[in-house]
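> quick one, what's the 3D model for this:
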Amino acid sequence: MRPVLANTVLAAAGTVLAAAAVVAPAAAASPAPSPAASPAAGPVIGGAHLAGHGVLVNYPPGPVPRLPTVTASAWVIADAGTGQVLAAKDPHGWYRPASTLKVLTAISLIPVLNPNATVVASKQATTVSPNVVGLLAGHAYKVSDLFTALLTISANDAAMALAQATGSLGQGMAVINAEARHLQADDTVAVTPNGLDAPGQHTSAYDLALFARQGLQMPAFLKYDRTTGGLFRISQKKSVGLWNQNTLLAMYPGAVGGKIGWTSAAGATYVGMARRHGVTLIVTLLHCPALTEINAGKSLLTWGFAVDGEVRPVGALVSARQPPAPAPSRPAGNGRPSPGQPITARTEARAQSVTASPSVLVAAGFSGVVLLAAAAGVVYSRRQRPRA
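Numbering: from 1, shown residues only. Purely as a prediction, here's the structure:
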C-alpha cells in the first residue's frame, strides 16, 4: 500500500475540518461551480494543452473518425495504460462531482479498512437523504458489503458509514482528500464522502480519470465495482436487492467498471472504463443532461478505441506523487514512528484500522494530525486555481 505523507494530510484536512460541520445533503446549497480559469503561474497538471476550456483534439493528416457530439460541460477520454489523454473538453474545469466522488472514497478507504470488519451504523450515517440502502442505526455491517453497496447502488449512507469507520467523519474526509493530493488530483476538494452537494466541493474531468486509473490497479475496487447483483442484509428480517447502476457493464462489450452520479445541481456525471484487445480506456463526463451520460460515454469510448495510437495526445494522466525517503532515526520499540520519522495517513490508518470487532474507533493519534491541518489547509487553499 502506498504511504501518503503527513504533509499531504495537512494540506487536505484544513479544508475538510472547516467543512465537516456542514456535511449534509445540499442539492440546492449553492450554484454549481463554474469552470475555473488557469492559474496565473505554474504548470498545468498533465500538460499545458489541458489548460484549454473548449474541445481539445489533435487529428492526424488523413481520414480518421471525428469526435462524436457529446452534450457535457467537461469530459476526458484517456488510455489507462499509456496515460495519454486522447481528447478532452475543459479537463481542469471545476464542477460538482455528484456520486462519481464515490470512486475517490473507495480507492482512499479500501486500503485502510479491514474488509472483514464490521461497522456499527451511526445516526448521522442512517439519516443521510437519500440514504439508498437503508442502514439502521446501531446495526453492524460488514465493510466489504458497504463497499459493494457504495459502488453498485450508490449508497450514500454506506459512504458515510465507511468514512466514519476510520474513527470519525473528519478523519475519513482527511484520508480521502489526502489521496486526492497524492494522486495529483488538485482540482478536487471533497466535503462529503458520497458526493452529495456541499459548498466548496468540486472536481474535474481530469481528476476523475486519475481516480479511475487508480481504481483499475486495485483488485478489491474492481471486485466491488463490477458486482452486478446480490442482496444486502439490513437486519435479520430485512434485505434489499443490489443492482449495478452502471449499465455500461451490460450493454458495452469490454466494459470493466465505472460509476454514475446525479444531483439537481451537478447534473449527470459519469466515469466509465472498458478494455478491448489489450487497451483499457477511461471516459469521464461532468454536467451532462440527465440520462445521457452513459450513451455519451459509450460514444467517446468507441471513438477512443478507433483512434488510439493514431491521434496525437493532448496531454497525459500523471503518476502519483512520490514520497521522499524517511529521515534516518533509531528504531522505535513500540511500533510507532521514531522521532523525526514522518507519520503518514496510511501508516496511521493501518496501525489503527478497523478490526474484526464491531465499530472499533481509531485512537486519538490521527486526530492530532487532523487538528494540526487546520492551519496548513489555509496555505493549500491559497494555491488552488481561482474560480471564473
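> pLDDT at the residue nearest the centre of the chain, what is it?
In the chain, the residue lying closest to the centroid (Cα atoms, centre = their mean) is L104, at 1.7 Å. L104 is assigned 98 on the pLDDT scale.
> helix, strand, or coil at it?
State at L104, reduced to three classes by DSSP: H, G, I helix; E, B strand; the rest coil: helix.
> same question, Y206
Here Y206 is recorded as helix under three-state DSSP.
> I figured it hits I77, correct?
No: look at Y206 against I77 with Cβ atoms under 8 Å: they stay out of range, at 11.4 Å. C-betas here are computed from N, CA, C, even on glycine.
> next, show the common contact partners of the two.
Common contact partners of Y206 and I77 (Cβ atoms under 8 Å, 6 or more residues apart in numbering): V85, A88.
> which residue, other than its chain neighbours, is closest to the residue nearest to the centre of the chain?
Excluding its sequence neighbours, the residue lying closest to L104 (Cβ to Cβ, 6 or more residues apart in numbering) is F211, at 4.9 Å.
> my guess is G172 meets A165, correct?
Yes: when contacts are counted by Cβ under 8 Å, G172 is listed as touching A165 (7.2 Å).
> now the common contact residues for these two.
L109.
> can you map out the helices along the stretch 251-388 of the chain?
293-307, 345-351, 365-382 (DSSP state H, counting those that start in this stretch).
> so what's C288 up against?
Contacts of C288 (Cβ under 8 Å, 6+ apart): T71, A72, S73, G267, A268, T269, Y270, A296.
> quick check: bridge partners of it?
Counting by DSSP bridges, C288 forms beta bridges with A268.
> check which helices and strands the strand or helix carrying the residue nearest to L104 sits against.
Assigned by DSSP states H and E, F211 belongs to helix 205-216. Counting contacts by 3 or more Cβ pairs under 8 Å, 6 or more residues apart in numbering; DSSP states H and E, helix 205-216 packs against strand 74-79, strand 84-89, helix 101-109, helix 219-225, strand 255-263, strand 267-276, strand 279-288.
> give the rounded mean pLDDT of that helix.
Mean predicted confidence for helix 205-216 is 98.
> let me know the angle separating that helix from strand 279-288.
140 degrees (axes from the mean of the first three to the mean of the last three Cα atoms, to 10 degrees).
> endpoints of stretch 222-232, how far apart?
18 Å (Cα to Cα, to the nearest Å).
> got a list of contacts for it?
Here stretch 222-232 has contacts from 106, 133, 144-145, 147-152, 215-216, 239-244, 246, 249-250, 256-259, using Cβ under 8 Å, 6+ apart.
> against Q217, how distant is the nearest residue to V44 once chain neighbours are set aside?
Using Cβ to Cβ, 6+ apart and skipping the chain neighbours, the partner closest in space to V44 is A51 (4.5 Å). According to Cβ to Cβ, to the nearest Å, A51 stands 27 Å off from Q217.
> ditto for H287
28 Å.
> the more surrounded of these two?
H287 (24 against 10; other Cβ atoms under 10 Å).
> now the residue nearest to the more buried one when sequence neighbours are not counted: how far from A140?
Spatial nearest neighbour of H287, excluding adjacent residues (Cβ to Cβ, 6+ apart): S73 at 3.7 Å. Using Cβ to Cβ, S73 is found at 41 Å from A140.
> looking at the two, which is more packed in?
Neighbours per residue (other Cβ under 10 Å) separate S73 from A140, with S73 holding more: 18 against 13.
> which ones are touching the more buried one?
Contacts of S73 (Cβ under 8 Å, 6+ apart): P35, K89, D90, G93, Y95, G267, L286, H287, C288.
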